[in-house]
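>>> I need the structure of the sequence given here:
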Amino acid sequence: MGTPAGLPYCCGTPLGWLALMDNLQSPTRFVLRESLSEAEIFLPCLPAVVQVFLSGDPLTSPDWMAIASQKLYTTGTCMGQTLFFWRPGDAAWTTQLERPNGRIDSAAFHQGKFYFTEVGWTLHAYDLDSSPPKLVRSTYLYSALRARHGFRQFPGGGRPTWYVVAFNGELLLVVMYRAPDIKAVEVYRPDWAAERLELRDKVTDLGEYSLFLGRGDAFALCAKDFTMIRRNCVYFVEHDTVKHQDWAVVLDLGSNVFQQIPYPGEQMEGAGRSNHWTAYSWFCPRRPFLK
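Here you go, the predicted structure:
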């Protein structure tokens, strides 16, 4: 699956689209491209973009919005990330009104809101129906998790990281525990309308579905439609800056058994883990490209 010449930088893979740039710091072309139909949407140029998210498929959702996260620098030091919002027809991006966020670990759209978790263990939600989009929730997730587990050690003795993912009309919260490798995973179905976030409803059976987590977009796929995947599993790519031996990890929620997926041979530039390509996120085309 190729990309147009002159657009070597990818800033996200939302909903089967590629967010492409010609230059990260001083772009002159910023394009959303759907590789199968070769549809392209030109966005206003924005420097230092980390990721792009889409609230809906531009080919089928008339009210879709693009959200870009941008690194904010002060005297050469990164001070966090700022969100920018854009709808078709806008002359320029609209910036968030609040202070910058930390690095975004995951993001999802649910009932007209944009939810994301950041490296600082906080979940934020923006109401996209407001103009400009308005921050309506900021929750320190560690407090909710500690209330769930009390003073007991977290599962596997690991350090938690959080991911939000849309699933069958719901929004799930996934907690992954690392020490430093993944030791355990928990999936919760919070009451997002409640003023205080509580982790009471734990999910252990996703039915025929599995969750795919990485940096940025997360999604759920049905094993009946995608026969090469297993049901009731969490697929996770090792997306941090550490060179891991395994490219991805699969956890069966029923048995709590992990399976490591090693790097494909063609992505090994040399012997040793320091020479592996770094996995980043999952890419799911809008339709099958193999017959």
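
>>> Quick one: low-confidence residue ranges for the stretch 1-150 of the chain.
1-2, 75-77 (pLDDT under 70).

>>> hey, where'd the helices end up in it?
141-149 (DSSP state H, counting those that start in this stretch).

>>> how about the strands in it?
9-10, 18-21, 30-34, 39-42, 49-54, 66-74, 77-86, 94-95, 104-110, 113-118, 122-127, 134-140 (DSSP state E, counting those that start in this stretch).

>>> on contacts alone, who are the packing partners of the first one?
It stands for strand 9-10. Using 3 or more C-beta pairs under 8 Å, 6 or more residues apart in numbering; DSSP states H and E as the contact test, the elements touching strand 9-10 are strand 18-21. (Each C-beta comes from the backbone N, C-alpha and C, glycine too.)

>>> Neighbouring strands of the strand it packs on in the sheet, and parallel or not?
strand 9-10 (antiparallel), strand 30-34 (antiparallel) (DSSP bridges).

>>> Convert the C-alpha atoms of the longest one to PDB, please.
The reference is to strand 30-34. The C-alpha coordinates for strand 30-34 follow below in PDB (Å, rounded to 0.1, in the frame of the first residue of the first chain):
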ATOM      1  CA  PHE A  30      -0.700  18.300   4.800                       C
ATOM      2  CA  VAL A  31      -3.000  15.600   3.400                       C
ATOM      3  CA  LEU A  32      -5.500  13.000   4.600                       C
ATOM      4  CA  ARG A  33      -5.300  10.100   2.200                       C
ATOM      5  CA  GLU A  34      -7.500   7.000   1.900                       C
END
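
>>> Show me the residue sitting in the middle of the protein in space.
Centroid-nearest residue in the chain: Gly216, 2.0 Å away (criterion: C-alpha atoms, centre = their mean).

>>> Dig out what that residue forms beta bridges with.
Ser106.

>>> Now do it against Pro27, distance only.
Gly216 sits 19 Å away from Pro27, going by C-beta to C-beta, to the nearest Å.

>>> just the strands paired with strand 18-21: most buried one?
Highest mean neighbour count of the strands paired with strand 18-21: strand 30-34, a mean of 20 (counted as mean count of other C-beta atoms under 10 Å).

>>> between the strands paired with strand 18-21, which gets nearest to Thr117?
With C-beta to C-beta as the criterion, Thr117 lies closest to strand 9-10 of the strands paired with strand 18-21, at 21.7 Å.

>>> and stretch 18-29, C-alpha only, in PDB?
The C-alpha trace of stretch 18-29 is given here as PDB (Å, rounded to 0.1, in the frame of the first residue of the first chain):
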ATOM      1  CA  LEU A  18      -3.300   8.300   6.600                       C
ATOM      2  CA  ALA A  19      -2.300  11.700   7.800                       C
ATOM      3  CA  LEU A  20       0.700  12.700   5.600                       C
ATOM      4  CA  MET A  21       3.100  15.600   5.500                       C
ATOM      5  CA  ASP A  22       6.000  16.700   3.400                       C
ATOM      6  CA  ASN A  23       7.900  18.300   6.300                       C
ATOM      7  CA  LEU A  24       7.200  18.000  10.000                       C
ATOM      8  CA  GLN A  25       8.600  21.400  11.100                       C
ATOM      9  CA  SER A  26       7.800  23.500   8.100                       C
ATOM     10  CA  PRO A  27       5.100  21.700   6.100                       C
ATOM     11  CA  THR A  28       3.800  22.900   2.700                       C
ATOM     12  CA  ARG A  29       1.500  19.900   2.200                       C
END
